[in-house]
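>>> this one's sequence-less:
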């Protein structure tokens, strides 16, 4: 390799990497989203004016029935093919 090529090749690599990094940093700063409005949650002051919380129980139509799981006999030994007699 000639002396000129040994000098120009690293300079070209550094120049290309530098341009890439400069473009990445410049492009990243342009895409910042605008600041968002803070989320304000409503306070729990919607109780009746008497100041006592409601102690009503749900009406029977809104109650959800409770279903407890029961064990299922899922034994399919009768359908196994490995019990064949090969006489």
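Received, thanks. Bear in mind the structure is a predicted one, so any value in this text is a computation, not a measurement.
>>> Could I get the full set of helices for the chain?
All helices of the chain, identified by DSSP state H, fall at 3-30.
>>> what about residue 37, neighbour count?
By the criterion of other CB atoms under 10 Å, residue 37 has 6 neighbours. Every residue, glycine included, has its C-beta placed from N, CA and C.
>>> do the one 4 residues further on as well
Residue 41 sits with 5 neighbouring residues when counted by other CB under 10 Å.
>>> Report the separation between it and residue 25.
Plainly put, residue 41 is 38 Å away from residue 25 if you go by CB to CB, to the nearest Å.
>>> Check residue 69 too.
According to CB to CB, residue 69 and residue 25 sit 59 Å apart.
>>> Looking at these two, which is more packed in?
residue 25 (9 against 5).
>>> Tell me the spacing between the more buried one and residue 43.
The gap separating residue 25 from residue 43 is 44 Å, by CB to CB.
>>> same question, residue 5
As judged by CB to CB, residue 5 and residue 43 stand 73 Å apart.
>>> Could you do residue 32 as well?
33 Å.
>>> likewise residue 22?
For residue 22 relative to residue 43 (CB to CB), the value is 50 Å.
>>> neighbour-wise, which of these two wins?
The neighbour comparison of residue 22 against residue 43 (other CB under 10 Å) goes to residue 22, with 10 against 6.
>>> per-residue pLDDT, the more buried one?
According to the prediction, residue 22 has pLDDT 91.
>>> For it, give me its contacts.
Contact analysis of residue 22 by CB atoms under 8 Å, 6 or more residues apart in numbering lists nothing.
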